[in-house]
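Undergrad: Provided below are the primary sequence and the corresponding predicted coordinates.
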Amino acid sequence: MISRREALTRSVGVVVGLSGRPRLGVLSLAGVDVAAGPFRAGLREFSLTVSRVRWDLERGRVVDAYAYNGAVPGPALRVTEGDTVRVRVTNALAEPTTVHWHGVEVPPSMDGVPGLSQPPIAPGETFTYEFVATRAGTRWYHPHINELAQTGGGLAGPLIVEPRETSSAVQREYVIVAQQWPDPSAERPHGGPGESGMSGMTGDSTGQNDGFTINGKAYPSGAPLVVRQGERVRLRLINAGTTATQVFALAGHGLVLTHTDGNPLGLPVPVDAVPLGVGERADVEFVASNPGRWQLGSIASGQAERGLGIDVVYEGHETDAVQFPAVSDVYLADYSVMTGGPLPTARPDDTVELVLSQDRGSGAWTINGASYPAIEPIEVQPGQRTRFRLVNMSMEDHPMHLHGHTAQIVAIGDRPVAGPLKDTVTLRHMDSYDLDFVASNPGRWLFHCHNLMHMAGMMMEVRYREPQGSR
């Protein structure tokens, strides 16, 4: 008998060359011209207006939402690696806001954290963000103030950084922004800064009445993703939710995981489904070889029923009955099968153990038994290699996000691995990971859980100190 993974490898048609890496051909995306050409870094300018709108999540359900440029999610900002990106953000809200560029190694003054990197953008004011898009990949943007209300109310958008040179077998691409809409009647005792259970596959604090959307619409109200038989299709998956780990699967098809958090894997990984904690992203590909109408959605308990799905429809099969993903005998992607680069040979200059938990008395979320702002900052020097040894002692998932840097998973438990490059790592109950990063972006940065119910307590600062003798 062949293994489930071997069967997937055969069924999804992974294109692999002699080196073991994906063999790339001509890139021609439907509706998006990103064909390879001579690289010339340029200036890309955008304008975003943040406002309140009435938004149709589905027929018969209209909500008071937050929006960028009047839409949920916000517009896809597409740039090329090396471009200078300039975004003029005007706040038309009656409350302050900011924009955080999630997964982008911006200067600290452009990071969007009030009180740490910039003052909030007051109502009626405009702030211009400017940074160089230094790494290609799937990134996204969202506020970093009153997060549960603003992000949970619709404020999120994709930032796609195209590589300088590309040749790919992909013929069509879709960006999938999955959002979560908190139940306004639910009690939220531990909100995120400033204000702000699933069973089986994930552990999180999702209210049982929270809703979900893909690209601004709850299933089945969203426009289907149209494909043509024989095409190789890329999906850029973004969990832009508030608390829930989402588990994406496409009925009738295997998926090939090629990137995590926008960073390429050393080898593509054939899977049935891809779990994403809040803030995580994944690029997956599939070959359109099974005509019909198939749901792309979450197989985590209850999420598809509450809106987290969208149909993939082959041309000529628009009237077919929809088929849904299997929820049993599913091969899930996990960090143990992902590679992102060689295992570092340099020893870390500092190792910091961080135990994630919840205080039994107060219910506060903690790191090493303390809650923000009582957690001591981690101090680093430029060029220093720091290792975070993360252990999750709580029952819930913790998607831990590092601002301004990219880290590598170098151990799972006690086992060294040449793991993927990440800016957000999700720890389930009793998970333990070692993350290495090199201090290459001086400033003051946050490291926090991206579950917006946990963030207020489970957050700490990474602070650069001046090298000795510099004064």
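TA: Nice, thanks for sending it over. Numbering: from 1, shown residues only.

Undergrad: From here on, just use CA atoms for contacts and neighbour counts.
TA: Will do.

Undergrad: What are the phi and psi values at the residue nearest to residue 111 when sequence neighbours are not counted?
TA: With sequence-adjacent residues excluded and distances taken as CA to CA, 6 or more residues apart in numbering, residue 111 is closest to residue 100, at 5.3 Å. Per-residue torsions, residue 100: phi -110, psi 130 (degrees, to the nearest 10).

Undergrad: hang on, isn't residue 100 packed against residue 141?
TA: Yes: under the criterion of CA atoms under 8 Å, residue 100 makes contact with residue 141 at 5.6 Å.

Undergrad: How many neighbouring residues does the closest residue to residue 465 other than its chain neighbours have?
TA: Excluding its sequence neighbours, the residue lying closest to residue 465 (CA to CA, 6+ apart) is residue 381, at 5.6 Å. By the criterion of other CA atoms under 10 Å, residue 381 has 19 neighbours.

Undergrad: cool, residue 184 as well?
TA: By other CA under 10 Å, the residues close to residue 184 number 10.

Undergrad: if we can go back for a sec, quick one, which of residue 100 and residue 141 is more surrounded?
TA: Each of residue 100 and residue 141 has its neighbours counted (other CA under 10 Å); residue 141 has more, 24 against 20.

Undergrad: From residue 279, how far out is the nearest residue to residue 217 once chain neighbours are set aside?
TA: The spatial neighbour of residue 217 that comes closest, neighbours along the chain excluded (CA to CA, 6+ apart), is residue 57 at 4.8 Å. Remark: distance between residue 57 and residue 279 (CA to CA, to the nearest Å) = 21 Å.

Undergrad: Look at the two and report which has more neighbours.
TA: A count of neighbours by other CA under 10 Å puts residue 279 above the other of residue 57 and residue 279, at 29 against 24.

Undergrad: My guess is the more buried one contacts residue 243. True?
TA: No: Residue 279 lies out of contact with residue 243 (CA under 8 Å); the separation is 9.7 Å.

Undergrad: where do the contact lists of these two overlap?
TA: residue 450 (CA atoms under 8 Å, 6 or more residues apart in numbering).

Undergrad: Starting from the longest strand seen in the chain, tell me which strands it pairs with and how they run.
TA: Counting residues, the longest strand found in the chain (DSSP state E) is strand 43-58. Paired neighbours of strand 43-58 in the sheet (DSSP bridges): strand 61-68 (antiparallel), strand 84-91 (parallel).

Undergrad: The last one: what's the following helix or strand?
TA: Once strand 84-91 ends, the next helix or strand along the chain (criterion: DSSP states H and E) is strand 100-102.

Undergrad: just to revisit the earlier point, and the gap between the residue nearest to residue 111 and residue 181?
TA: Distance of residue 100 to residue 181, computed by CA to CA: 20 Å.

Undergrad: wait, what's in contact with the residue nearest the centre of the chain?
TA: With distances taken as CA atoms, centre = their mean, residue 280 lies nearest the centre of the chain, 2.5 Å away. Counting by CA under 8 Å, 6+ apart, residue 280 touches 238, 239, 260, 261, 399, 424, 425.

Undergrad: and what of residue 134?
TA: 81, 82, 83, 104, 105.

Undergrad: I'd say the first one and residue 133 touch.
TA: The one in question is residue 81. Yes: using CA under 8 Å, residue 81 is in contact with residue 133, at 5.2 Å.

Undergrad: hey, what's in contact with both of the two?
TA: Listed as contacting both residue 81 and residue 133 by CA under 8 Å, 6+ apart are residue 161.

Undergrad: Most neighbours out of the contacts of residue 134, which is it?
TA: Highest neighbour count within the contacts of residue 134: residue 104, with 27 neighbours (other CA under 10 Å).

Undergrad: For residue 422, see how far away that one is.
TA: 11 Å.

Undergrad: Residue 174 sits in which helix or strand?
TA: Residue 174 belongs to strand 172-181 when assigned by DSSP H and E.

Undergrad: try residue 159
TA: strand 157-162.

Undergrad: what about that strand, average pLDDT?
TA: Taken as a whole, strand 157-162 carries a mean pLDDT of 98.

Undergrad: who does that strand pair up with?
TA: strand 77-80 (parallel), strand 137-142 (antiparallel).

Undergrad: Verify the stated contact: residue 336 with residue 410.
TA: No: using CA under 8 Å, residue 336 is not in contact with residue 410; the gap is 10.3 Å.

Undergrad: For these two, indicate the residue with more neighbours.
TA: The neighbour count for residue 336 versus residue 410, taken as other CA under 10 Å, is higher for residue 410 (27 against 14).

Undergrad: and the more buried one, how far is that from residue 266?
TA: Applying CA to CA, the value for residue 410 to residue 266 is 14 Å.

Undergrad: coming back round to it: JSON lines for the contacts of residue 280, including neighbour count and secondary structure?
TA: Listed next are the contacts of residue 280 as JSON lines, based on neighbours: other CA atoms under 10 Å; DSSP: H, G, I helix; E, B strand; the rest coil:
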{"residue": "238", "neighbour count": "29", "secondary structure": "strand"}
{"residue": "239", "neighbour count": "27", "secondary structure": "strand"}
{"residue": "260", "neighbour count": "27", "secondary structure": "strand"}
{"residue": "261", "neighbour count": "27", "secondary structure": "coil"}
{"residue": "399", "neighbour count": "26", "secondary structure": "strand"}
{"residue": "424", "neighbour count": "28", "secondary structure": "strand"}
{"residue": "425", "neighbour count": "28", "secondary structure": "strand"}
